[in-house]
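J.: What follows is a predicted structure for the sequence shown.
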Amino acid sequence: MADHAARLASLQNRIRVKGFTQLKRAMAWSAWLNLYFFWEKKWFFIALIVGAVMLQLPRPEGLSENGMIVLAMSVVSVIMFVTEPVPLPTVALLIIIAQVVLMGHDSTAVAKSLMTDSVLFIMGSLMLAVAVIKQKLDKRLAWLIVRITGTKTWRVCFGIALVSGILASFIGEHTVAAMMLPVGITLITLTSDDPKKVSNLAAVLLFSIAYGASVAGIGTPSGGARNAIMIGYWREFFYDPANPETQKFLVQYVDWMIHAYPMFLIQLPIVSFVLFRTFRPEYRDMSRAIVKLRALIEEEGPMKPVDWMAIGIFFLVLLGWVTVSGDLGMGTVAVSGAAMFLIVGLVRWRDINSGVNWGVVLLYGAAISLGLQMKDTGAAEWVAVSFLDFLAPLGANSGFGLWAAISALTTAVTNTMSNGAAVAVLGPIVLKAAVVAEESPLIIGYITAVSSSFAYLTVVGTPACTIVYASGYLKASDFLKVGWKMVVASSIIMLVAAKVYWPLLGI
């Protein structure tokens, strides 16, 4: 009995020790998980702390209480845009909540500010993008390009940049990059099955898609969200129906094309030249790949009636943007085009619903709403005056120096976040700076929107770069290797246009 009692006591003691050990282990794991969570979300908490500290600081002279709140919200938003500790649509939700809780705005009024024609246009464009990609015309498009350009590698690459650019100037660079990536990969894989043997050729082909689309995105209002956002800011900030002199701030689709499209056309050959000087393709002729491509096209047979119908609807939308967007709004035309695709059955709603990133729509709506609050509270004017005071010792607080400074600032910002977000954040500031410096808000606005397309340096700078990088043929260092040359060339072209060409158009 004594032995049995001793064994029982020993067993109970071991159970207690084991249980205590497991408890300590569980607590250690819990602490580690909590530490891991806070480390993963560190920039979220850092951003909130920065915002809280800003709200406790003494208010600068000339800045209202709500202006200080909006400024803190903007700084917190930018930190989260750059570091992405939470999904970006979460930042949009926080902007909405802060306007109601911190600024005391009516929630219905905040909700109304989220849906402008610019946001409706962005939403419609994303829906059209899904409908266009659904038609799967990539191989036919590649065949059309090589039939026009011939088999020489430099001609094929220039043709890809040209087609990517023309398409991107109307339906957005992210859409075109998604459409054209299979074209580039098809030509690469048909040339060689070994990626190492065609690394330079792959770089030239894929960068032709990304940079061709990027330089073209400035060409029309539908080329990118940034353009629609700037048009919306001009209307909100400067247009007064009772003042005929402000009519110039109602920039129409064709007006934007006249100012920006020539820059895209000038940059196209520069894109090809820079790419071929930076990456020297292993093959100077792509006859082998093109013979295989022709065989694939012959297997698919002639184009079907639905293919022609899709092309027809797209051109109707384009015609609507050019002719009636001034009366109906660019957003109305865009969603009408999406509705036509749905009505004729070329795309299903489930495709639209799954293919459109609705978080992007929410993000741009909230960013524009925040931008309008910066204007209304005077925060944008205060930041603009401070920015000009900073530039004054450098002699860059007006004229050409101010243009170059704003372009450099926008280029730096757009390489760390999406170009649409960059314009949404910087737009109110630079437009107020234009007023304070007695510069043309139209010129400053165009400079900002155009410079936001100079996201050549990083993978995340623009969706087009992200998409071609995802192919696996490019390295992150390739973007820096060629990107700085594109930034220099594009900046020079834009500043010359601002100095020489735009004044001839009356701005």
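T.: Yep, that arrived. Residues are numbered from 1 along each chain as shown.
J.: When you work out contacts or count neighbours from here on, use the C-alpha atoms and nothing else.
T.: Will do.
J.: Around the closest residue to Arg348 other than its chain neighbours, how many other residues sit close by?
T.: Distances taken as Cα to Cα, 6 or more residues apart in numbering put Leu342 closest to Arg348, at 6.0 Å, once the chain neighbours are dropped. Leu342 is flanked by 16 other residues according to other Cα atoms under 10 Å.
J.: Next: Val344.
T.: Applying other Cα under 10 Å, we find 13 residues neighbouring Val344.
J.: likewise Ile46?
T.: Residues near Ile46, counting by other Cα under 10 Å, number 14.
J.: Tell me which residues are up against the host helix or strand of it.
T.: If you go by DSSP states H and E, Ile46 is part of helix 42-56. With Cα atoms under 8 Å, 6 or more residues apart in numbering as the test, helix 42-56 has contacts from 68-69, 72-73, 75-77, 79-80, 83-86.
J.: Counting neighbours, which of those end up buried?
T.: Neighbour counting with 16 or more other Cα atoms under 10 Å marks 68-69, 72-73, 75-77, 79-80, 83-85 as buried within the contacts of helix 42-56.
J.: Can you tell me which of those is nearest Trp484?
T.: Of all the buried ones among the contacts of helix 42-56, Trp484 sits closest to Thr83, with 22.6 Å by Cα to Cα.
J.: Quick check: which ranges of the stretch 151-300 of the chain have low pLDDT?
T.: Across the stretch 151-300 of the chain, residues meeting the criterion (pLDDT under 70) sit at 300.
J.: Would you map the helices across it?
T.: Counting by DSSP state H, counting those that start in this stretch, the segments of the stretch 151-300 of the chain that form helices are 153-171, 173-191, 199-216, 225-238, 253-278, 287-300.
J.: I'd assumed Ala213 was in contact with Ser453.
T.: No - in this structure Ser453 lies outside contact range of Ala213 using Cα atoms under 8 Å: 9.6 Å.
J.: picking that back up, dump the helices of the stretch 151-300 of the chain to JSON lines, plus distance to Ala310 and mean neighbour count.
T.: Listed next are the helices of the stretch 151-300 of the chain as JSON lines, based on distance: least, Cα to Cα, whole Å; neighbours: other Cα atoms under 10 Å:
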{"stretch": "helix 153-171", "distance to Ala310": "14", "mean neighbour count": "25"}
{"stretch": "helix 173-191", "distance to Ala310": "14", "mean neighbour count": "23"}
{"stretch": "helix 199-216", "distance to Ala310": "21", "mean neighbour count": "29"}
{"stretch": "helix 225-238", "distance to Ala310": "23", "mean neighbour count": "23"}
{"stretch": "helix 253-278", "distance to Ala310": "22", "mean neighbour count": "18"}
{"stretch": "helix 287-300", "distance to Ala310": "18", "mean neighbour count": "14"}
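J.: Which one of these lies nearest to Ile97?
T.: Closest to Ile97 of the helices of the stretch 151-300 of the chain, according to Cα to Cα: helix 225-238, at 21.9 Å.
J.: And the contacts of that closest one?
T.: Outside helix 225-238, the residues within contact range by Cα under 8 Å, 6+ apart are 117-119, 121-122, 218, 220-222, 246, 249-251, 368, 372, 375, 419-424, 427-428, 441-442, 445, 449, 452.
J.: CA atoms of that helix as PDB?
T.: Taking C-alpha atoms only, helix 225-238 is exported to PDB below (Å, rounded to 0.1, in the frame of the first residue of the first chain):
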ATOM      1  CA  ALA A 225      -7.300  57.400 -62.200                       C
ATOM      2  CA  ARG A 226      -4.900  60.200 -61.500                       C
ATOM      3  CA  ASN A 227      -6.100  62.100 -64.500                       C
ATOM      4  CA  ALA A 228      -9.800  61.900 -63.500                       C
ATOM      5  CA  ILE A 229      -8.800  62.900 -60.000                       C
ATOM      6  CA  MET A 230      -7.000  66.000 -61.100                       C
ATOM      7  CA  ILE A 231     -10.000  67.000 -63.400                       C
ATOM      8  CA  GLY A 232     -12.300  66.600 -60.400                       C
ATOM      9  CA  TYR A 233     -10.000  68.800 -58.300                       C
ATOM     10  CA  TRP A 234     -10.000  71.500 -60.900                       C
ATOM     11  CA  ARG A 235     -13.800  71.500 -61.000                       C
ATOM     12  CA  GLU A 236     -14.200  71.500 -57.200                       C
ATOM     13  CA  PHE A 237     -11.500  74.100 -56.400                       C
ATOM     14  CA  PHE A 238     -11.900  76.700 -59.200                       C
END
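J.: residues in contact with Asn66?
T.: Counting by Cα under 8 Å, 6+ apart, Asn66 makes contact with 103, 377.
J.: Which element, helix or strand, includes it?
T.: For Asn66, the host element (DSSP H and E) is helix 65-83.
J.: pLDDT averaged over that helix, what's the number?
T.: Mean per-residue pLDDT for helix 65-83: 84.
J.: Which element is encountered next along the chain beyond that helix?
T.: From helix 65-83, the next helix or strand downstream (DSSP H and E) is helix 88-101.
J.: Need the contact partners of that following helix.
T.: Contact with helix 88-101 is made by 73, 77, 80-81, 105-107, 110, 359-360, 362-367, 370, as judged by Cα under 8 Å, 6+ apart.
J.: any idea how far stretch 186-194 is from the chain center?
T.: On the basis of Cα atoms, centre = their mean, to the nearest Å, stretch 186-194 is displaced by 30 Å from the centre of the chain it belongs to.
J.: now stretch 362-377
T.: On the basis of Cα atoms, centre = their mean, stretch 362-377 sits 17 Å off its chain's mean C-alpha point.
J.: ditto for stretch 451-469
T.: 8 Å.
J.: what about that stretch, start to end distance?
T.: This stretch, stretch 451-469, spans 22 Å end to end (Cα to Cα, to the nearest Å).
J.: got it, and stretch 190-202?
T.: Terminal residues of stretch 190-202 are spaced 12 Å apart (Cα to Cα).
J.: Same check on stretch 216-225?
T.: End-to-end distance for stretch 216-225: 13 Å, by Cα to Cα.
J.: how far out from the middle of the chain is that stretch?
T.: On Cα atoms, centre = their mean, the centre of stretch 216-225 falls 11 Å from the chain's centre.
J.: what are the ranges of the helices in the stretch 401-507 of the chain?
T.: All helices of the stretch 401-507 of the chain, identified by DSSP H, counting those that start in this stretch, fall at 419-436, 441-451, 463-469, 476-496, 502-504.
J.: how close does Lys304 sit to Ile311?
T.: For Lys304, the distance to Ile311 - Cα to Cα - is 11 Å.
J.: Same drill for the two, tell me which one is more crowded.
T.: Neighbours around Lys304 and Ile311, counted as other Cα under 10 Å, are more numerous at Ile311. The numbers are 12 against 8.
J.: Export whichever helix or strand that one is part of to PDB, keeping only CA atoms.
T.: Using DSSP H and E, the element containing Ile311 is helix 305-323. Included here for helix 305-323 are C-alpha records, laid out as PDB according to Å, rounded to 0.1, in the frame of the first residue of the first chain:
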ATOM      1  CA  PRO A 305     -19.000  37.700 -84.300                       C
ATOM      2  CA  VAL A 306     -18.800  38.200 -80.500                       C
ATOM      3  CA  ASP A 307     -15.200  39.400 -80.800                       C
ATOM      4  CA  TRP A 308     -16.200  42.100 -83.300                       C
ATOM      5  CA  MET A 309     -19.100  43.000 -81.000                       C
ATOM      6  CA  ALA A 310     -16.800  43.500 -78.100                       C
ATOM      7  CA  ILE A 311     -14.500  45.700 -80.200                       C
ATOM      8  CA  GLY A 312     -17.500  47.700 -81.400                       C
ATOM      9  CA  ILE A 313     -18.800  48.400 -77.900                       C
ATOM     10  CA  PHE A 314     -15.300  49.500 -76.800                       C
ATOM     11  CA  PHE A 315     -15.200  52.100 -79.700                       C
ATOM     12  CA  LEU A 316     -18.700  53.300 -78.800                       C
ATOM     13  CA  VAL A 317     -17.500  54.000 -75.300                       C
ATOM     14  CA  LEU A 318     -14.400  55.800 -76.600                       C
ATOM     15  CA  LEU A 319     -16.700  57.800 -78.900                       C
ATOM     16  CA  GLY A 320     -18.900  58.700 -75.900                       C
ATOM     17  CA  TRP A 321     -15.900  59.900 -73.900                       C
ATOM     18  CA  VAL A 322     -14.900  62.200 -76.800                       C
ATOM     19  CA  THR A 323     -18.300  63.600 -77.700                       C
END
